[in-house]
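1. please find the sequence and the predicted model below.
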Amino acid sequence: MPAALKQFTDTYLMWNEGYLIWISDILIALTSIGIVATLTYFKKWKWLWKEWLTSVDHKRIGIMYLIAALLMMFRGGADAMLLRTQLASPNSHFLTAEHYDQIFTTHGTIMILFMAMPMIFAMFNIVVPLQIGARDVAFPYLNAISFWLFFFGAMLFNISFVFGGSPDAGWVSYPPLTELGFDKGPGENFYLLSLQISGIGSIATGINFLATILKMRAPGMKLMRMPLFTWSVVAASIVIIFAFPALTIALALLMLDRIVGTHFFTMLHGGDPMMFVNLFWIWGHPEVYIVVLPAFGVFSEVVATFARKRIFGYTSMVASLLLISVISYFVWAHHFFTMGAGADVNTFFAVASMMVAIPTGVKVFNWLFTMFRGRISFELPMLWTLAFVPNFIIGGATGVMLAVAPADYQYHNSYFLIAHFHQVLIAGPVFGLIAGMYFWWPKMFGFKLDEKIGRIAFWLFNIGFYVCFMPQYALGFKGMQRRMYTYPAGMGWHTLNLISTIGAYIMGLGFLFIVVQIVYSIKYGERDLTGDPWNGRTLEWSLPSPAPHYNFAVIPTVTDRDMLWVMKQEGREGELRRINPDAIADIHMPKNSGRPFLMGLAFFVAGFGFVFNWYVLAVIGLVGVALTMILRAFEWDDEYHILAEEVREVEAALGRL
Amino acid sequence: MHKQSVKKWGALVTAVLAAALLSGCGPQYLVFHPVGPVGKQELNLIITSVILIAIVIVPTLAIFFFIIFRYRNTPGNKAKYSPEWSESKVLEVVWWSIPIIIVGILSVFTAKTTFALTRPPEQNVNPMTIEVTSLDWKWLFQYPGQGVATVNYCEIPTGVPVQFVLTSDAPMNSFWVPQLGGQEYTMPGMAMGLWLQADKPGQYYGHGANFTGRGFAHDDFTVIAASNSDFNKWVSQTKSSAPALTMADYNKLKKPSTMGTASYSSFPKGLFDNVIWSEGGRYMPGTMNMAGMASGNSTAMSNSTAKSGIANEASQSSSSNK
Ligand code: HEM
C-alpha cells in the first residue's frame, strides 16, 4: 500500500486497530448496500422522499423517531454486550483499554441522547396531538427540523467509531481530561458537535410541544381535563426548555477551548473545570427527569386503561409531575458531593435530592390505588408497567441512599452507582417507552404486536435485568470502580461480574425477541379494525387506526377527563365515532418540505468539518444551513386545504359517516 | 399464567436480593468492613438509611403484590370493583406525609454526619498531614512532617487522624480507600482536604475512582497502617535507605505511565505547593495565600494543621462556583 494511503487508513479509518473496526466497517457497508439495493429494487426512492423524508406530519415524524430510537437501542445495546463481555472475567483482553473507553462513552451517550430522547419524542409526536384533539403540532415545519437535527447528530456521533475514533472520556466528558492537553483526537469533537446539533433540535421540540399543548387543545379540554400523558409532556417540555441551554453553553465553550484555544475550562490561564461540571449537571440532572417524566405519563395511561378504572388522585398526579420538574433543578450538585463542596452545600443538595422521592413516592401510591378495586388485565403494556413498579421502587430506594451525602462518598464512582442509574433508567424510560410502544403501536400501524413473542421478550428482559444489575450493587460495596476496562483477580469481583454478564446476555436476547416480534407481527399481527383495541379512555382511541392524515375530521368538544370512557359508560361513544357529514369543513394543513432534511444534512457537513478542523467543509456546511433558512424566509406558499369533499370520502371509506 | 408468573417473578426478586444481602458478610465487602472512624460513621449512616427506606418500601412492595393478585381480571373474581372511585383526601394526606417524615428524619442524620466528617475524627490526638498528588496513572504521597515521599503506597500510623491534602497534576481523579472511608476528588490547581484514620494495622486497598484515561484501571495504591513505633521505624528506614526525589524524577513521574511502588528519603522543597500554583492555583483567589500558607483558620475544617488552611479555602472557593 502506498505510504500516503496507509497513513490515511491508519489515521482516519483505524484499520491498524484490529478486527473490531473491520467487523464494524463490513457491517456498515453491508447494511448500506442492503438499504440502497432494496429501495432501488422496489423503486421506493420516490416514496421514501415524498412520504417520509419530507413529511411534516407528526405521526410520520413520530414513527421515524421510533425507528431511529430502536436502531440506537440496538447500537447502544451492542456496546453494552461488548463491555460486559470484556468484564466477564478478570484480566481479560477481549477489548483494549482504548476501545473499552470509547465504547462505554458511546454506550452512555447513545443510550441517553440518541435512544431515550428520540424514544420520548416518538411518544410526544405520536400521542399528544391525538390526545388533545389537534390536527398537528403548533409548528410542524420546526418539528421536522428537530427530527432531522437529531437524526444527523446521531449519525455524526455513530460514524466516529469507524472514522477518526470515538470520544473516550465518558458521557459526562469532564475537562481537563477532554481538553486538548490530554485529548488531541477528533473523538471528543464528535461528541461536542453531535450533541450540539441534536441539542438544538431538542430545545425546539420542547418549545413546540409546550406551545402545542397550551394553544391547540380541543374546545372544552381545560388544563385539568388533559390526560396525564399530555401533562407529563408539559412537565418534560418545561424542563427541556430550561435545561438544554445549559448544555448548549457548556458544549460551545468546551468546543471553543478545543478549536480556538480559549481557556474556559482549563485551570491554566484562569479557567475552571468545575464550571463545566456544574453546567453539565445543571442540564444533566434535569435530563434524566426529561426522559423519565413521559414514562410516568405512559404508566398513568396504561394503569387506568388496564385496571378499567379512573386514575386515582389526578390532582396529586399533576402536582407531583410539576413538583418533580421544579425540584429537579435543585439537585444537580449531588453528582459531585466529593468535589470539595462545603458541608453546608452538600447538606442542601442532599436534602433537596431526597425530596424528589416525595412526589415520586406519591405517584407510586396513586398508581397502586388506581389498581385497587380495579380489574387488572395483563396485556403487554400493563406487564411492562407492572414490572416497572417494584423495579423503580428499588431503584428509587437506592437513589435515596445515594442522596445521603456522606454515604455517597463511598458509593460515588462505584458499581453501586452504575447499578442504581441503570435501574432507574431502565425501569423508568426503557420500560415506560416499551409499554408506550406496545400501547400505541396499533394506533400507529393498525395492528397489534404479537402477545406470545412479546411475553417471552418481557420475561427474558426482566429476569435478565435483575441478574445483570443486582450483583453490581454488591460489586460497589466490594470497592469496584466504574469505567475500569479490566480488574485483577484477587478482589473477589469475578463471580459477580460473570453473573452480571450472563444477565446482560439474557437482556440482549430479550431485545432480539422484541425485534422478532415486530417482524412477525407486521405479517401476522392481529389487525385493529375498531381503532380501540384496549378499551381506551381518551380521545386518540376514538379515531381509526392508523389515524387519517388530518386526525380529526371534526374537532370534538371535550367534557370530561376520560372523555371516551365516559361516553362509553353513557352509551354515547358513537357521537365521537360517527361524523356528521355536514359538520365537515375544509381542513387547513401544512405542506411537506424537503428543506428540514437538507438543513440537517448541512449541519452534518458543518459538524464533520469542525470535527477535523477542515474549515472549508465547515463553511460549506454553514452556508448550506444559512441558505435553507433564507429560503424558508421567502417561502409564502407553505400550506394547503384538504377539501371537505375529500375528507368526506376518506371518512366514508373508514365507515365513519 | 398471570397469577403464577407474578408469583414466580416475586420469588425470583426475593431470591436475588437475599443472595446479594447474605453474601454481604464476607470480608471482601470493603465498605462493610471499615477499620477507622470515618468509614464506620459512613457505614452507620448507610445502615440507618437502609432501615428508614425499608420502612416505606417493604410495605409498599407487599401492597403492590397484594393488589395485582387480588384485583386481577378473572371471571368470578369477587373483589370489589369501583371504576369511578378516584379520590380520597385521607389516603392522599397519608402518602404525602409518610415520605415527608422519613425524608425529614434521614435529612437530620445526613446533615449531622456531613458536618462531622469535615472535622478530624479524633480530637485528642495530634493529626498528621500527607500531601497527595494524583498523576497519570500513579499516586505521589509527600509527608511534610516527616520529609519522606512515596509512590503508589502510603504508610500511616494507627489511631492518628490523617489529613490528606489532595491535588492533581493530571486530569481530575478521586482518592478512595474504601475501608478507611469515602472519597474526595483531586483537582489540578486546587487543594482539597479529606480526613481519614485507621484504627487497625493492615494493608488497605485504594484506587483512583474518577476516570482519567487509558491507564485508569491500573491506578491503584495501598495504604499501610502500622503502629506508631512501626511507622516511625519505617520513616527512619526510608530516610536512611531510599533515594531522594529530584525535580527530574518528578518530571518523569508526571509522564503518563503505570508503575509499581517507590520510596524517597526527601522531596524538592515546596513541590506540592508549586504544583498547585503552576497548575492554576495562582488564578484561584484564596486558594493560595502562598508564601507560608499559614492561614489555618475558619469554619469547615477548624482545628487542623496549617496545611488544611488551604484545603479549607480551596473547598470554599470551589464551592462558591456551585
Ligand atoms: C442491556 C442493558 C444495559 C447493559 C448491560 C449496560 C451495561 C453498561 C456497562 C457495562 C457500562 C459501563 C460501566 C463502566 O465500565 O463504568 C454502562 C455504562 C453506562 N450505561 Fe449502560 N447498560 C445497559 C443499558 C443502559 C441504558 C438503557 C442506559 C440509559 C438509558 C444506559 C446508560 C448508561 C450510562 C449513562 C453509562 C455511563 C457511561 C459512562 O461511564 O460515561 N445503559 N452500561
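-> That came through fine. The structure displayed is predicted, hence computed values, not measured ones. Numbers count the residues shown, from 1 in each chain, chains lettered A, B, ... in the order given.
2. give the buried residues for stretch A:630-648.
-> Buried residues in stretch A:630-648, counted by 16 or more other Cβ atoms under 10 Å in any protein chain shown: A:642, A:644, A:647, A:648. Where you see a C-beta, it was placed from the backbone N, CA and C, and this is true even at glycine.
3. okay, and the last one sits in which element?
-> What it means is residue A:648. Assessed by DSSP states H and E, residue A:648 sits inside helix A:644-653.
4. off-centre distance for that helix?
-> 36 Å (Cα atoms, centre = their mean, to the nearest Å).
5. what's the separation between residue A:636 and chain B?
-> Residue A:636 sits at a distance of 50 Å from chain B (criterion: Cβ to the nearest Cβ, to the nearest Å).
6. dihedrals phi and psi, that residue?
-> phi -100, psi -30 (degrees, to the nearest 10).
7. against residue A:591, how distant is it?
-> When Cβ to Cβ, to the nearest Å is the yardstick, residue A:636 and residue A:591 sit 11 Å from each other.
8. how about residue A:397, nearest residue that isn't a chain neighbour?
-> Spatial nearest neighbour of residue A:397, excluding adjacent residues (Cβ to Cβ, 6 or more residues apart in numbering or on different chains): residue B:53 at 4.7 Å.
9. isn't residue A:544 right up against residue A:654?
-> Yes - using Cβ atoms under 8 Å, residue A:544 makes contact with residue A:654 at a distance of 4.9 Å.
10. list the buried residues of the lengthiest helix in chain B.
-> What stands out as the longest helix in chain B, according to DSSP state H, is helix B:37-70. Within helix B:37-70, the residues scored as buried using 16+ other Cβ under 10 Å are B:37-39, B:41-43, B:45-46, B:48-50, B:52-53, B:56-57, B:60-61, B:63-65, B:67-68.
11. which elements pack onto that helix?
-> Packing contacts for helix B:37-70, counted by 3 or more Cβ pairs under 8 Å, 6 or more residues apart in numbering or on different chains; DSSP states H and E, involve helix A:343-371, helix A:380-403, helix A:405-411, helix B:2-22, helix B:89-116, strand B:181-186.
12. could you check the pLDDT of the nearest residue to residue A:554 once chain neighbours are set aside?
-> The shortest distance from residue A:554 to any residue other than its chain neighbours is 4.7 Å, reached at residue A:583 (Cβ to Cβ, 6+ apart). As predicted, residue A:583 sits at a pLDDT of 91.
13. burial measure for residue A:583, as a count.
-> Applying other Cβ atoms under 10 Å in any protein chain shown, we find 10 residues neighbouring residue A:583.
14. ok, it to residue A:239 distance?
-> Taking Cβ to Cβ as the measure, residue A:583 falls 39 Å from residue A:239.
15. same question, residue A:116
-> Distance, residue A:116 to residue A:239, using Cβ to Cβ: 14 Å.
16. before we move on, the earlier item: then the helix holding residue A:648 to PDB, C-alphas only?
-> The C-alpha coordinates for helix A:644-653 follow below in PDB (Å, rounded to 0.1, in the frame of the first residue of the first chain):
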ATOM      1  CA  ALA A 644     -64.400  18.900   2.800                       C
ATOM      2  CA  GLU A 645     -65.400  16.600  -0.100                       C
ATOM      3  CA  GLU A 646     -62.100  14.700   0.200                       C
ATOM      4  CA  VAL A 647     -62.400  14.400   3.900                       C
ATOM      5  CA  ARG A 648     -66.000  13.100   3.500                       C
ATOM      6  CA  GLU A 649     -64.600  10.400   1.100                       C
ATOM      7  CA  VAL A 650     -61.900   9.300   3.400                       C
ATOM      8  CA  GLU A 651     -64.300   9.200   6.400                       C
ATOM      9  CA  ALA A 652     -66.900   7.300   4.300                       C
ATOM     10  CA  ALA A 653     -64.300   4.800   3.300                       C
END
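17. for that helix, give the mean pLDDT please.
-> What helix A:644-653 shows for mean pLDDT is 94.
18. what residues does that helix touch?
-> With Cβ atoms under 8 Å, 6 or more residues apart in numbering or on different chains as the test, helix A:644-653 has contacts from A:548, A:550, A:553, A:579, A:581, A:584, A:585, A:586, A:587, A:657.
19. with stretch B:107-122 instead?
-> Outside stretch B:107-122, the residues that reach it (Cβ under 8 Å, 6+ apart) are A:342-343, A:346-347, A:350-351, A:354, A:403-406, A:409, B:36-38, B:41-42, B:45, B:48-49, B:127, B:159-161, B:163, B:181, B:195-197, B:300-304.
20. in PyMOL, select just the buried ones from the residues you listed.
-> Burial among the contacts of stretch B:107-122 is assessed by 16+ other Cβ under 10 Å; the matching PyMOL selection reads:
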select buried, (chain A and resi 342+343+346+347+350+351+354+403+404+405+406+409) or (chain B and resi 36+37+38+41+42+45+48+49+127+159+160+161+163+181+195+196+197+300+301+304)
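21. quick one on the thing from earlier: report the two of the contacts of helix A:644-653 separated the most.
-> Pairwise distances across the contacts of helix A:644-653 peak at 16.9 Å for A:586 and A:657 (criterion: Cβ to Cβ).
22. residue A:376 reaches residue A:307, doesn't it?
-> Yes - Residue A:376 is within contact range of residue A:307, at 5.1 Å (criterion: Cβ under 8 Å).
23. okay, the two: which has more neighbours?
-> Counted by other Cβ under 10 Å, residue A:376 and residue A:307 do not tie: residue A:307 has more neighbours, with 29 against 24.
24. please tell me how far the residue in the stretch 201-322 of chain B that chain A sits nearest to sits from residue A:270.
-> Scanning the stretch 201-322 of chain B for the residue nearest chain A gives residue B:280, at 2.7 Å (criterion: Cβ to the nearest Cβ). Using Cβ to Cβ, we find residue B:280 at a distance of 7 Å from residue A:270.
25. most remote residue from chain B's center?
-> Here chain B reaches farthest from its C-alpha mean at residue B:76, the gap being 56.6 Å by Cα atoms, centre = their mean.
26. quick check, residue B:174 in a strand?
-> Yes - under DSSP: H, G, I helix; E, B strand; the rest coil, residue B:174 sits within a strand.
27. and residue B:283, how far is that from the ligand?
-> As defined by Cβ to the nearest ligand atom, to the nearest Å, residue B:283 lies at a distance of 29 Å from the ligand.
28. which residues touch that residue?
-> For residue B:283, the contact set (Cβ under 8 Å, 6+ apart) comprises A:267, A:269, A:270, A:271, B:189.
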